[in-house]
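Visitor: Generate coordinates for the sequence data below:
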Amino acid sequence: EVQLVEPGGGLVQTVGSLRFSCAASGLTLCDYFIRWLRQAPGMKREVFSCISSSDGSTFYADSVKGRFTISRDNAKNTVYLQMNNLKPEDTAVYSCNAQNPLIATKYYWGQGTQVTVSS
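Guide: Down below sits the predicted model:
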């Protein structure tokens with residue numbers, strides 16, 4: 001069985017920080033393209049950060065650039081998302097997604113975690 005687990009959600013008062021981890025079992029996470037997504041109430045789901053499987057290059061949406069950092073620890077089979085300077089507009093359900101870069105039908109989702117940022 002393949003699982004992605006994302007501990008680390010919760011309630012944060014501005015200006016706070018959280019760190020998510022997306023830990024994998026049953027698959028080698030460094031072989032996968034990892035996306036972090038979030039969905040706020042009434043909004044479309046947004047891909048706001050990615051890290052590639054090939055060269056570790058990263059992407060950040062403008063909404064999180066300079067505040068969030070995505071990283072990998074291949075020895076722990078885990079991808080991290082460090083979120084600093086959280087704002088109320090960061091309130092959303094956060095999920096990680098692992099996509100095999102060669103096989104489009106091979107992908108996995110974390111369970112989603114609520115983050116609420118109060119002002």
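Visitor: what secondary structure does the most centrally placed residue in the chain sit in?
Guide: The structure's the chain has its C-alpha centroid closest to residue 36; by Cα atoms, centre = their mean the separation is 3.1 Å. Assigned by DSSP: H, G, I helix; E, B strand; the rest coil, the conformation of residue 36 is strand.
Visitor: element containing the closest residue to it other than its chain neighbours?
Guide: Among residues not flanking residue 36 along the chain, residue 49 sits closest, at 4.4 Å (Cβ to Cβ, 6 or more residues apart in numbering). (Each C-beta comes from the backbone N, C-alpha and C, glycine too.) Here residue 49 sits within strand 46-51, counting by DSSP states H and E.
Visitor: Now do that strand, average pLDDT.
Guide: Across strand 46-51, the average pLDDT comes to 96.
Visitor: Just the buried residues of it, please?
Guide: 48, 49, 50, 51 (16 or more other Cβ atoms under 10 Å).
Visitor: where's the third one relative to residue 19, distance?
Guide: If I follow you right, that is residue 50. 17 Å (Cβ to Cβ, to the nearest Å).
Visitor: is the residue nearest to residue 36 in a bridge, and if so with what?
Guide: Taking DSSP bridges, one obtains residue 36, residue 60 as the residues bridged to residue 49.
Visitor: For this structure, just list every one of the helices.
Guide: Ranges of helices in the chain, per DSSP state H: none exist.
Visitor: so where is it shaky, pLDDT-wise?
Guide: 1-15 (pLDDT under 70).
Visitor: Go again with 80.
Guide: Along the chain, segments meeting pLDDT under 80 span 1-16, 119.
Visitor: need the strands for it, in chain order.
Guide: 3-5, 10-13, 18-25, 33-39, 46-51, 58-60, 68-73, 78-83, 92-99, 107-109, 113-118 (DSSP state E).
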